[in-house]
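> Mind folding the following:
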Amino acid sequence: MVAGMAAAGGRRRWWLNRTAMVVVWVVVSVGIWVGLHWYIRTVSMRKAEEALESMCEERARMLQDQFAVSVNHVHALAILVSTFHYRKQPSAIDQETFAFYTAKTAFERPLLNGVAYAQRVVHSERGKFESQQGWTIKTMKQEPSPVQDEYAPVIFSQETVSYIEALDMMSGEEDRENILRARATGKAVLTNPFRLLGSNHLGVVLTFPVYHAGLPADATVEQRVKATAGYLGGAFDVESLVENLLRQLAGNQDIMVNVYDVTNISEPLIMYGPQNPDGFMPLSHVSMLDFGDPFRKHQMVCRYSQKPPIPLSAITTPSGVFVICMLAGYILYAAWTRYDNVREDCRKMEELKVQAEAADVAKSQFLATVSHEIRTPMNGVLGMLDMLLDTDLNLTQKDYAQTAQICGKALIALINEVLDRAKIEAGKLEIEAVPFELRSILDDVLSLFSSKSREKGIELAVFVSHKVPEIVTGDPGRFRQIITNLVGNSVKFTEHGHIFVQVHLIENSNKVMDAKVDTDLNGCLSDMMVPSDGTFNTLSGLEAADRRNSWENFKLLLSDEMPQSDKCKSGMPCSKDSSNVTLMVSVEDTGIGIPLQAQDRVFTPFMQADSSTSRNYGGTGIGLSISKCLVELMGGQINFISRPNVGSTFTFTAVFQRCKKIAGGDPKRTLSESLPTKGMKALLVDARPVRSAVTRYHLQRLGITVEVASTIKMTLNALSEQNGCLRSGKHPYILLIEKDSWTPGMDVYLHDQLLEWKQCGQIPEVPKVILLVTSESDKAKVGSFVDTVIMKPLRASTVAACLQHALGMGKQGRKEMPNGPAFLHSLLAGKNILVVDDNKVNLRVAAGALKKYGAKVECAESGKDALSLLQLPHKFDACFMDVQMPEMDGFEATRQIRLMESKANEQNKCGEADEGSERAEWHLPILAMTADVIQATYEECMKCGMDDYVSKPFEEQQLYQAVARFLLSKPNSDL
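Okay, here's the model as predicted:
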C-alpha cells in the first residue's frame, strides 16, 4: 500500500515536471517569436512614420504657399480698388470695368470662385447712396435691409457672383463678424467652411478691408474703423486647391489628407476630405497651417490609406524559429494532453449532471416553499373573510369584506399562473379527460366579466354552433382557463364596441374560409370599402381586426348548420367516423389592438406590448404564454390577428373526445324541456344581423322559436298584415327589442298600438315587451310599459329567469346541486373530523368551514398529537392533515397511522384483535391540507399513504370533491 502511494506520488511529480517543462519551453518559444516579430515590425513602422511626416509637412508647406499667392492677388485687387475708386475723382472704376478686369485676370486666381467689393455706408448716407446707385440695399434674403448703423452693400462683383449685387454683407451674422474683424485688424480674415454654389465644394470667404488714404501703420482700432471705405471679399475653393496640390505630388495614392478648421478645437470643421475619415487611423501626422488669419487655426491631418504592410521577414524569421522549436515536442504533448482532456471532460460531465439534478430539486423545493409560505397566510385571510361574511354585517361592511375577498382570490390566481408556468417548463402539467358541458363553461366565463362589460357599456356575447356536441371529454378546468385569459384580456383592453366568442367545428370553419380567402396580414389595411354610415356588419357595428369573421362568413356558417340543427339534439356526435372532435374558438374584440413591433413577443412569458401597458392596464404578461402551452397540450394551435386602434382576434383549436354516453340524460333536453318557455314564440327587433343571430341562439337554447325584424315599424306591419301571427302561424308571447331600436316614448306608442289591435281582435293578447340593454345607463330609456329589462351579456340561466318573471310563471323549484351547501351539510352532519395543523389561524379556518356544515371537529397542532388521538380504536371518520409541521410532519404522521392500521388489520384477520377494536378494516381517510400545489408534493402525499389532496385556501366546491368520495357511503358515527 505504501509502495503504491509512493508510485502514485512519483507519477504525480513526473506529471508536474513534464507540464512545467512543456510550459516553460512553449513560453520561451513564444517569447522569441514575439520579440523578433515586434522588433522587425517596430523598425518598419518607425520608417513608415518618418515617411508620412515628411510627405505631410511637404504638402502643408505647398498648400500654404499656394494659398498665400491667391491671398496676395486679392490684396492687390483691394489696393487697386482703393487707388482708382477713392483717390480718383471721378472714380475710374465702375461695375462694368470691375467685372471686365476680374474676368480677364481670373487666371491669376484659379482657386477663387469670384470676388466682389462692398462699400461701407452709414445710415445717414443711405438715402443718398441708394439714389446714386438706383437700387435699394437688400438683405441676404432679398428683402429691403432694415434700419441699422451701417451697411455693406455690394457695388462691384465679378460676373460669376453677380447675384450678390446690392446685398448687404452685414446682414449675415457670420459675414458681419468677419467684416468687423477685418477692419479692426487690417488683415484678411476667413469664414467657417461652407458649400460653394455651383461646384458644391467646401470653401471659405476671404475678406480684406479697404481704407481711405492717410491711415498710419500703427493706427488704433477706432482709427481703422473710421478710415474704412469698404471690403473686398473672395470665395476660396479649398477642395480644388488641395486636389490640385495632391495631384501634382507623387505617392498621393498612398496617403489620405484631411484639412480642418480647428478654431474651436472641441468641434473641428472639415474643409477637405471625408466627413468620417477612413484609412489607417493609428498612424497619422498633424501639420499646422497658417492662412494669414490670426483669429482662425487650421491643420492638415495625413494618414496612410491602408495599414503599412508588415515586412515578410517579420513573420518568416520568428515563425521559422518557433516551428523548429515546437514541432518535435508537439506530438508527445498532444498525446498526453488528449488523454487528460478526455478524463477531465468525463469529470465535468458528472459534475454538471449532479448540478442539474440539484438545481431541479432546489427549484421544486423553492416553488413548494414559496407556495406554502404565501398560501398559508392567504388561507387564513380568505378563510376568516369567508367566516366574516357569514355573520351579520351591514352593507358597507359586507362590501369591504367582499372586496378584500376578491383581491385575495386574485392573488391566489396569480400564484396559480406562476406555478402553472413552472409546471409547464418542468413538463409536469397533465391534461384531464372528463366529460363536461362546453356551453355551461362559456356561460360561467361570461358571468365573471358581466359586471365589467356593463360598466364599460360593451357588447359581450358567445355563440356556439349547433354542430358542436353538448358534452365533450377533455379538461374543463384548462379550457376554462384559456377562455378566461383571452376574454379577460379583451375586457381589459376594450373600452367600446364588443367582445365576441365563437365556437365552431374546425371542418365547418375551414370550409367557409376556403370559400372566401382573406389575405390581410396583421396590422395591414386592405382596400375593403368602409360603409357610408361608418358601421360594419359586426356585433356592435365597429370594425373587427379579422375580416374572416365578417357577417358574410358568419352567415355561411349559419346556413351550413341550420338544415342539420335538429340532428344532434341529443348531444351525441352527428358523425361516427371519428371519436375526436376538433373545435375552433375565436375571441374577437374591438380594443386598442397590439402594436406591430410587439406582435412577435405576444406569447413570450412576462412580456407586454410596451412598458406603459402594465401601468395603464395592469397584469403580468404570463396569461397568453400559459394559454399557448395549454392549447398545444390539447393538441391545438393558437394565433391572432391584430390591428392597432381596430382590435384583436385570437383563434385557437382544441381536440376533444366525443362523449358516447351521458350519465343522467340529455342536458340540452333538460335545459329546454324543463322550462315553461318551451314552445313559445318570440319576435326579436334588431337591425344588426350578427347580434340578432346571437340572441336567437340563446333563445333557442330555451326552446323558444324566434323570428327577427330589423325595425319596430316592420314588426308592427308584420303583426298587422298576418293578424298577429308569425310565419309559423302562432301568436308571439314575447317581443324583444334591442336598445338601438328603442327611443324615449316608444313604449307608450307600442303599448297603445298593441292594445288597440287586441280590442279590435287583430291579436289575441298583448305580447310581453322586453328590452335588451348593455349597460345600466341604458335603463334610462325604459318606459313604464316595458315589462322587464334583460341586462347583457345573455346567458341561458339569466334569460330564463327574466322570461319567467315577465310571463308571471313564478320561480321554478330549484333543485339543490349535488355539491351545494345543503348537500354538504347532509354529507358532513354528525361526522367526526380531525384537523391537524401547526398554524392556529388555519386550524380556526378549517374547523370553522367544517363546522359550518354540521361536522364535529377536533384539532391537533402537531403530528405527535394527531398520533395520540388516532390510537386504535378511535371515533374519527376523516382527517385533514397539514404537510409541513415541526417535530413530525404530515408525511411521517401518515406513515405511522397507516402502520398502526396495517397491524390492526392483520390482527383482525388472525382473530387476535383486542375487544373494542374489532372492525372490518381500519382505513381512515387522510386528506393532505397544504399550501404546496406542485406535482412533487402531490406525489409525496400519495406515496406516504394519504388519500387525497386539498390545497389552501379551499372553497366549498373543493371541500365537496375531497370528502364526497369517502363519506357518501359511510354512515354517521354513533354518538
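
> ok, and for stretch 254-268, which residues are buried?
Going by neighbour count (16 or more other Cβ atoms under 10 Å), the buried part of stretch 254-268 is 255-262, 268. C-beta: built from backbone N, CA, C; applies to glycine.

> Which single one of these is nearest to His751?
Nearest to His751 among these is Pro268, at 89.1 Å by Cβ to Cβ.

> With the flanking residues excluded, which residue is spatially nearest to that closest one?
Tyr260 (4.3 Å; Cβ to Cβ, 6 or more residues apart in numbering).

> Now the one you found: which helix or strand?
Taking DSSP states H and E as the definition, one finds Tyr260 inside strand 255-261.

> elements contacting that strand?
Here strand 255-261 touches helix 2-81, helix 238-248, strand 269-272, strand 298-304, going by 3 or more Cβ pairs under 8 Å, 6 or more residues apart in numbering; DSSP states H and E.

> same thing but 10 Å
helix 2-81, strand 202-211, helix 238-248, strand 269-272, strand 284-289, strand 298-304 (3 or more Cβ pairs under 10 Å, 6 or more residues apart in numbering; DSSP states H and E).

> Let me know which of these is tucked in deepest.
strand 202-211 (a mean of 25; mean count of other Cβ atoms under 10 Å).

> Strand partners (parallel or antiparallel) of it?
strand 189-190 (antiparallel), strand 194-195 (antiparallel), strand 228-237 (antiparallel) (DSSP bridges).

> Next, the residue with the largest distance to the centre of the chain: secondary structure please.
In the chain, Gln89 marks the outermost C-alpha relative to the chain mean, sitting 83.0 Å out by Cα atoms, centre = their mean. The three-state label given to Gln89 by DSSP: H, G, I helix; E, B strand; the rest coil is coil.

> Let me know which of the strands paired with strand 202-211 is the nearest to Asp546.
When those are compared for distance to Asp546 using Cβ to Cβ, the nearest one is strand 194-195, at 53.4 Å.

> Name the surrounding residues that touch the closest one.
Applying Cβ atoms under 10 Å, 6 or more residues apart in numbering, the contact partners of strand 194-195 are 174, 201-205, 235, 239, 269, 271.

> Redo these as CSV? Include pLDDT.
Converted to CSV, the contacts of strand 194-195 look like this (pLDDT from 0 to 100):
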residue, pLDDT
Glu174, 79
His201, 79
Leu202, 81
Gly203, 82
Val204, 85
Val205, 85
Ala235, 84
Glu239, 80
Leu269, 85
Met271, 83
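
> could I get the residues you listed as JSON lines with distance to Gln402?
Shown next, in JSON lines, are the contacts of strand 194-195 (distance: Cβ to Cβ, whole Å):
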{"residue": "Glu174", "distance to Gln402": "74"}
{"residue": "His201", "distance to Gln402": "80"}
{"residue": "Leu202", "distance to Gln402": "77"}
{"residue": "Gly203", "distance to Gln402": "81"}
{"residue": "Val204", "distance to Gln402": "81"}
{"residue": "Val205", "distance to Gln402": "82"}
{"residue": "Ala235", "distance to Gln402": "84"}
{"residue": "Glu239", "distance to Gln402": "81"}
{"residue": "Leu269", "distance to Gln402": "72"}
{"residue": "Met271", "distance to Gln402": "78"}
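
> right, and the pair among the residues you listed with maximum separation?
Greatest spatial distance in those: Glu174 and Glu239, 19.6 Å, computed using Cβ to Cβ.

> mean confidence score for stretch 492-502?
Mean pLDDT, computed over stretch 492-502, is 91.

> same question, stretch 221-229
In this model, stretch 221-229 has a mean pLDDT of 87.

> got the CA coordinates for that stretch in PDB?
Taking Å, rounded to 0.1, in the frame of the first residue of the first chain, the C-alpha atoms of stretch 221-229 are listed here in PDB:
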ATOM      1  CA  VAL A 221      -8.900 100.200 -33.900                       C
ATOM      2  CA  GLU A 222     -11.000 103.400 -33.800                       C
ATOM      3  CA  GLN A 223      -8.800 104.900 -36.500                       C
ATOM      4  CA  ARG A 224      -9.200 101.900 -38.700                       C
ATOM      5  CA  VAL A 225     -12.900 101.800 -38.300                       C
ATOM      6  CA  LYS A 226     -13.200 105.500 -39.100                       C
ATOM      7  CA  ALA A 227     -10.900 105.100 -42.200                       C
ATOM      8  CA  THR A 228     -12.700 102.000 -43.600                       C
ATOM      9  CA  ALA A 229     -14.100 102.600 -47.100                       C
END
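
> Run through who's touching that stretch.
The contact list for stretch 221-229, computed with Cβ under 10 Å, 6+ apart, reads 81-82, 85-86, 117, 119-120, 150, 152, 179-180, 182-186, 209-216, 219-220.

> Can you give me the buried ones in that stretch?
Within stretch 221-229, the residues scored as buried using 16+ other Cβ under 10 Å are 224-225, 227-229.

> From the chain's centroid, how far away is that stretch?
Stretch 221-229 sits 70 Å away from the centroid of its parent chain (Cα atoms, centre = their mean, to the nearest Å).

> What of stretch 702-710?
In terms of Cα atoms, centre = their mean, the centre of stretch 702-710 is found 43 Å from the chain centre.

> what does stretch 30-47 give?
On Cα atoms, centre = their mean, the centre of stretch 30-47 falls 55 Å from that of its chain.

> For it, give the mean pLDDT please.
For stretch 30-47, the mean per-residue pLDDT is 87.

> same thing with stretch 341-348?
Averaging pLDDT along stretch 341-348 yields 88.

> Can you point out the buried residues in stretch 112-123?
Result for stretch 112-123 [16+ other Cβ under 10 Å]: buried residues 112-121.

> Kindly confirm my reading that Leu583 is in a helix.
No: judged by three-state DSSP, Leu583 forms no part of a helix; its state is strand.

> wait, isn't Asp838 in contact with Ala893?
No: taking contacts as Cβ atoms under 10 Å, Asp838 lies outside contact range of Ala893: 11.5 Å.

> Let me know the closest of the contacts of strand 194-195 to Ser131.
Val205 (29.4 Å).

> Can you tell me, leaving aside adjacent residues, what's nearest to Pro435?
The shortest distance from Pro435 to any non-neighbouring residue, by Cβ to Cβ, 6+ apart, is to Cys659 (4.7 Å).

> Contact partners for the one you found?
434-437, 469-474, 571-573, 579, 581 are the contacts of Cys659 under Cβ under 10 Å, 6+ apart.

> Would you check which pair of these lies furthest apart?
Spanning the widest gap among those are Glu437 and Ser579, at 18.9 Å by Cβ to Cβ.

> Show me which of those two is the more surrounded one.
Between Glu437 and Ser579, Glu437 has the larger neighbour count (other Cβ atoms under 10 Å), namely 20 against 12.
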